[in-house]
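**Student:** No letters, just coordinates:
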């Protein structure tokens, strides 16, 4: 076999493996959506998932947003000073947090915290044969384990994004009024006047998409985990990597849909 043929064969195997993985994820997502609309429904599992995905994620989301908003205000002020455009700090902080930084940072924090937790939990259940026990008890694993977690993330991550947007804007407000000499009332008025409803709705829509991706990847890699501690570790690592990459890719596509038409 010539080096060219060997290289093409390797490239072909990689491409086939990639598309096979995409197909498996797509089938898993379709199965999750299908089971979400069919009984039985496990309200207790959904409530637990809402608590763990939503409430327990607030501290990391809030801290990430407030420091990002403050740093963004400083960067915009320093850059705007080169063109005598320091006054645009409120507008750019607001648009930057709501359109991009808020949803993306919350999505990545959810991927780091929630996706890894879901993957490790489900993978451990698979290793210890708890999933097999669910099947023995006539409980469908997709309905009991996957649907509540995906639905919880779909519902609660947009709320986290909204909270993160507000905290990020207030972080910029605190830095601008406390350090950069901006008038507090004028800063808030410029922020409110500049933001549009489409900006807010796009931010919440991104949050829903990112939450779905984060929870789906955690469940998928957990259910596909290999046996043993190494399988759990690989599932956890792979879920976070896949979720982060897909969130950034989805952000690019959604930004094009919302703001480039």
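**Tutor:** Everything's here; your move. Just so you know, these numbers come straight off a predicted model, no measurement behind them.
**Student:** And the contacts of stretch 40-58?
**Tutor:** Applying Cβ atoms under 8 Å, 6 or more residues apart in numbering, the contact partners of stretch 40-58 are 109-110, 113-114, 117, 143-145, 147-149, 151-153, 155-157, 159-160, 163, 211, 215. Every C-beta, even on glycine, is put in place using the N, C-alpha and C of the backbone.
**Student:** Could you pick out the longest helix of the protein?
**Tutor:** If you go by DSSP state H, the chain has its longest helix at helix 3-36.
**Student:** List the buried residues in that helix.
**Tutor:** By neighbour count with 16 or more other Cβ atoms under 10 Å, helix 3-36 contains the buried residues 25, 28, 29, 32, 35, 36.
**Student:** Once you drop chain neighbours, what's closest to the last one?
**Tutor:** The one in question is residue 36. residue 147 (5.0 Å; Cβ to Cβ, 6 or more residues apart in numbering).
**Student:** pretty sure the one you found is touching residue 37, no?
**Tutor:** No - Residue 147 is beyond contact range of residue 37, at 9.5 Å (criterion: Cβ atoms under 8 Å).
**Student:** Between these two, which is the more surrounded one?
**Tutor:** Counted by other Cβ atoms under 10 Å, residue 147 and residue 37 do not tie: residue 147 has more neighbours, with 27 against 8.
**Student:** so who does that one touch?
**Tutor:** Residue 147 makes contact with 32, 35, 36, 42, according to Cβ under 8 Å, 6+ apart.
**Student:** circling back to that earlier point, how is the residue nearest to residue 36 classified with respect to secondary structure?
**Tutor:** Residue 147 falls in the helix class when you classify it by DSSP: H, G, I helix; E, B strand; the rest coil.
**Student:** Look up how far residue 114 lies from it.
**Tutor:** Distance of residue 147 to residue 114, given as Cβ to Cβ, to the nearest Å: 15 Å.
**Student:** Equivalent analysis for residue 242, please.
**Tutor:** Per Cβ to Cβ, residue 242 is found 14 Å from residue 114.
**Student:** try residue 80
**Tutor:** As judged by Cβ to Cβ, residue 80 and residue 114 stand 36 Å apart.
**Student:** So for those two, which sits in the more crowded spot?
**Tutor:** Legend: neighbour count by other Cβ under 10 Å for residue 80 and residue 114, higher for residue 114 (29 against 15).
**Student:** Would you mind confirming that the more buried one makes contact with residue 153?
**Tutor:** Yes - assessed by Cβ under 8 Å, residue 114 is found in contact with residue 153 at 6.7 Å.
**Student:** can you list residues touching both of the two?
**Tutor:** Common contact partners of residue 114 and residue 153 (Cβ under 8 Å, 6+ apart): 53, 214, 215.
**Student:** Of the residues you listed, which is the most crowded?
**Tutor:** Taking other Cβ under 10 Å as the neighbour criterion, residue 214 ranks highest of the shared contacts of residue 114 and residue 153 with 35 neighbours.
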